[in-house]
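>>> Compute the structure for the input listed below.
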Amino acid sequence: MFQVTIWSVPPLLSMLVCVGTYLRIRPKKRVPGMQAILALLAAVMFWSGAQFTGSLFTDLGVKILVAKLAYFGIVLSPVAWFIFAISYTRRQMRLSTTALNLICIVPTITMILVMTNDWHHLVWSNVFLTQADGYTGMVIDHGPWFIFHAIYSYALLVVATTILAWAIGQSTGQIKPVLAVIFAPLVVCLANLFYLSDWNPSPWFDLTTLGFAAAAMILDGGVLRYGVLDSLPVVRDRVVEQLTDGVIVINTEGMVIDINPSALALLGTTRERLSNKPITKYITTVPLDDLLSNRMENIDIRVGERAYDVTASAVDATDPNPDVVLVFREVTQRRKIEQDLREAKEELIRLAHTDSLTGIHNRRFFMQRLQEETERVRRHGSNLSLLLFDMDFFKKINDTYGHDMGDQVLRAVADASMEIKRITDVAARIGGEEFALLLPETDSTGAVQIAQRLLEAIESVKLPMIGGSRPTVTASIGVATVSVRSEDMENVLNHADEALYKAKHAGRNQVCCADIAC
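Numbers count the residues shown, from 1 in each chain. Got it, this is the predicted structure:
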């Protein structure tokens, strides 16, 4: 009743190859089409297991029963291959439930006819045992429905293989995985046709499962291990292909698994050169962890000379480690315009706070800073000093040497005040020939010292000769200092102005202090 021969090895080998492949790729079941390829492997495992079991028995009844059970794998294999092809290209080709049910009609009828073959013999017209070299095998004469089912199965394989080869070719741009998906079903078909042909020297032995073993190895080496199924299909809606925005899909390791033409142009590469390379090879300014996180919203990334606004979102929000879609929108021109506007705004602010003739601050800015520093004195109890000065006999310089010389004098005095002032001080032109120097954190002694140095700097100004003489420039300076104890802090400018008039009435070219502090 039992037999152990070499003819049991091919179906056993096929089953082991399929089991190994199934276990290896099962963790990737979230990949589009993976459920269908797992179903295909399971169907072939069942088919091979049934054929292996049948090879161990010599009883005709057992062999027929096992052969009938094998048809569960036989009818499911081409359907699973077809569903895998459609699932992989799901963005363009969607299979409705109705279409799937229609595809399964012929396999369902085949299973029913196989199980009831003794009543009608439409699948097997005759079944008998034969012996050769010590092996007892079962020879089957096939009926008309078997021929119909075979043609239907081959049609599914051809259509699915054509779709899948085109999709993978579009996805990877490489020939190896395309040839793998073509030759794998071709090997199965050739093995099956050889079994059914008159050339088969052992008509009791079905070579189809051996063909599936070879096909599984071809798929494993050319497609599964090649990483094609790790990527989302690139056979997408045309709108994605033609988007001007770059779209890149990366996995948790940062590998680029899908990309549209705009993104390829953005990175300056091709699908072939991009294969098996991480995104960080092309985008070096942002860490991979940031690219994979949901914090990436409207982040600027520069690629070469161009700027891109990048958003990131998970492909599957329910997956704890999802693939991530990066959308790159070029904003180079917008960023340039924004930068120009910022610079223009800064320039307007500078001009609003700057005296156009001398280049130092104007009265408006000075009064704003004076108010701020006065408030600081009130809060923190520090000192604040103010120097107010103007040119001696400036009208005479204008009348004698002209207004151009007068302008040069004003610019020279402004330069002198900028050289004397400290970083925290504020120099400003607050009137025609009137200037001010705001000295935060400075008591009256320090203010007088700075005023004396400023007086010397102004007196040392060298002006060009005009008509054999050059103008002499001097200034009168009024100093006012306030502290938290001062009762009239807000009028520090008036006090400095009074000290300035005191200096002028005392003979000019000197420093005088207001009575409130000096």
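>>> In contact with G54, which residues are there?
The contact partners of G54, by CB atoms under 8 Å, 6 or more residues apart in numbering, come to V62, K63, V66, A67, A70, M138. Every C-beta, even on glycine, is put in place using the N, C-alpha and C of the backbone.
>>> pLDDT-wise, which helix or strand of this protein ranks last?
helix 238-241 (a mean of 58; mean pLDDT, DSSP states H and E).
>>> if we can go back for a sec, pull out the buried residues from the contacts of G54.
The neighbour-count test (16 or more other CB atoms under 10 Å) marks K63, V66, A67, A70, M138 as buried among the contacts of G54.
>>> re the thing from before, next secondary structure element downstream of the least confident helix or strand of the chain?
Counting by DSSP states H and E, the next helix or strand C-terminal to helix 238-241 is strand 246-250.
>>> In terms of secondary structure, what does that next one contact?
strand 256-259, helix 261-267, strand 324-330 (3 or more CB pairs under 8 Å, 6 or more residues apart in numbering; DSSP states H and E).
>>> now stretch 266-279, how far from the centre of its chain.
With CA atoms, centre = their mean, to the nearest Å as the basis, stretch 266-279 stands 14 Å off its chain's centre.
>>> can you check stretch 403-418 too?
Using CA atoms, centre = their mean, the offset of stretch 403-418 from its chain centre is 56 Å.
>>> tell me what the one helix or strand V17 maps to is packed against?
Assigning secondary structure by DSSP H and E places V17 in helix 9-25. Secondary structure elements in contact with helix 9-25, counted by 3+ CB pairs under 8 Å, 6+ apart, are helix 34-55, helix 208-219.
>>> Show the pLDDT at the residue sitting nearest the centre point of the chain.
Nearest to the geometric centre of the chain sits L326, at 3.8 Å (CA atoms, centre = their mean). On the pLDDT scale, L326 is placed at 83.
>>> ok, it touching N251?
No. Using CB atoms under 8 Å, L326 makes no contact with N251, being 12.0 Å away.
>>> model confidence over stretch 199-207, on average?
pLDDT averaged over stretch 199-207 gives 76.
>>> tell me how far the ends of that stretch are from each other?
12 Å (CA to CA, to the nearest Å).
>>> Please point out which parts of that stretch sit buried.
Going by 16+ other CB under 10 Å, stretch 199-207 has these buried residues: P203, W204, F205, D206, L207.
>>> distance between it and the chain's centre?
Between the centre of stretch 199-207 and the centre of its host chain there is 56 Å, according to CA atoms, centre = their mean.
>>> go on, stretch 153-171?
32 Å.
>>> pLDDT on that stretch, on average?
So the average pLDDT for stretch 153-171 ends up being 82.
>>> got the buried residues for that stretch?
Buried residues in stretch 153-171 (16+ other CB under 10 Å): 153-154, 156-157, 160-161, 163-165, 167-171.
>>> ditto for stretch 139-158
Neighbour counts over stretch 139-158 (16+ other CB under 10 Å) mark I140, H142, G143, W145, F146, H149, A150, Y152, S153, Y154, L156, L157 as buried.
>>> Give me the residues contacting it.
The contact list for stretch 139-158, computed with CB under 8 Å, 6+ apart, reads 67, 75, 77-79, 81-82, 103, 106-107, 109-110, 113, 117, 121-130, 185, 188-189, 192, 196, 203-204.
>>> how close does L65 get to M115?
Separation of L65 from M115 (CB to CB, to the nearest Å): 10 Å.
>>> now swap in T108 and tell me
11 Å.
>>> Check the secondary structure at S356 for me.
coil (DSSP: H, G, I helix; E, B strand; the rest coil).
>>> show me the contacts for the residue nearest to A457 when sequence neighbours are not counted.
Nearest in space to A457, with sequence neighbours left out and distances taken as CB to CB, 6 or more residues apart in numbering, is A416 at 4.1 Å. By CB under 8 Å, 6+ apart, the residues touching A416 are L454, A457, I458, S460, V461.
>>> quick one on the thing from earlier: need the buried residues of stretch 139-158 in TSV (columns: secondary structure and distance to E330).
Below are the buried residues of stretch 139-158 laid out as TSV (DSSP: H, G, I helix; E, B strand; the rest coil; distance: CB to CB, whole Å):
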residue	secondary structure	distance to E330
I140	strand	65
H142	strand	63
G143	coil	65
W145	helix	60
F146	helix	60
H149	helix	55
A150	helix	55
Y152	helix	51
S153	helix	50
Y154	helix	49
L156	helix	44
L157	helix	44
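>>> from these, which single one is nearest G211?
Comparing the buried residues of stretch 139-158 against G211 with CB to CB places L157 closest, at 11.8 Å.
>>> Please measure how far the first residue of stretch 165-184 sits from its last one.
11 Å.
>>> distance between that stretch and the chain's centre?
Centroid separation for stretch 165-184 versus its chain: 27 Å, with CA atoms, centre = their mean.
>>> what does stretch 14-33 give?
A distance of 31 Å separates the centroid of the chain from that of stretch 14-33, by CA atoms, centre = their mean.
>>> Stretch 493-509 too?
That offset, for stretch 493-509, works out to 67 Å (CA atoms, centre = their mean).
>>> again with stretch 58-75
54 Å.
>>> Sketch out the low-pLDDT regions of this protein for me.
28-33, 88-96, 171-173, 220-242, 275-276, 293-300, 487, 516-518 (pLDDT under 70).
>>> quick check: domain ranges of the chain?
6-230, 238-334, 353-513 (automatic domain parsing).
>>> returning to what we had before: once you drop chain neighbours, what's closest to the residue nearest to the centre of the chain?
L326 sits nearest to I248 (CB to CB, 6+ apart), 4.6 Å away.
>>> ranges for the helices of the stretch 401-518 of the chain?
Ranges of helices within the stretch 401-518 of the chain are 403-420, 444-459, 492-505, based on DSSP state H, counting those that start in this stretch.
>>> Adding distance to P320, write these out as CSV.
Converted to CSV, these look like this (distance: least, CB to CB, whole Å):
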stretch, distance to P320
helix 403-420, 62
helix 444-459, 66
helix 492-505, 66
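>>> just so I know, which of these lies nearest R350?
It's helix 403-420; of the helices of the stretch 401-518 of the chain, that one is closest to R350 (CB to CB) at 15.3 Å.
>>> Tell me what angle the closest one forms with helix 444-459.
Put simply, helix 403-420 runs at 140 degrees to helix 444-459, going by axes from the mean of the first three to the mean of the last three CA atoms, to 10 degrees.
>>> For burial, what's the neighbour tally of the residue lying closest to G406 once chain neighbours are set aside?
Nearest residue to G406 in three dimensions, chain neighbours excluded: N398, at 4.1 Å (CB to CB, 6+ apart). Applying other CB atoms under 10 Å, we find 19 residues neighbouring N398.
>>> Helix or strand: which one has N398?
helix 394-401.
>>> and the domains of the chain as a markdown table, adding distance to A344?
As requested, the domains of the chain are exported to a markdown table (distance: least, CB to CB, whole Å):
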| stretch | distance to A344 |
| --- | --- |
| domain 6-230 | 46 |
| domain 238-334 | 15 |
| domain 353-513 | 15 |
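>>> circling back: kindly write the ChimeraX command that selects the buried subset of the contacts of A416.
In ChimeraX syntax, the buried subset of these is picked out as below (16+ other CB under 10 Å):
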select :454,457,458,461
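>>> want to throw the contacts of A416 into JSON lines with distance to D316?
Converted to JSON lines, the contacts of A416 look like this (distance: CB to CB, whole Å):
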{"residue": "L454", "distance to D316": "72"}
{"residue": "A457", "distance to D316": "73"}
{"residue": "I458", "distance to D316": "75"}
{"residue": "S460", "distance to D316": "77"}
{"residue": "V461", "distance to D316": "76"}
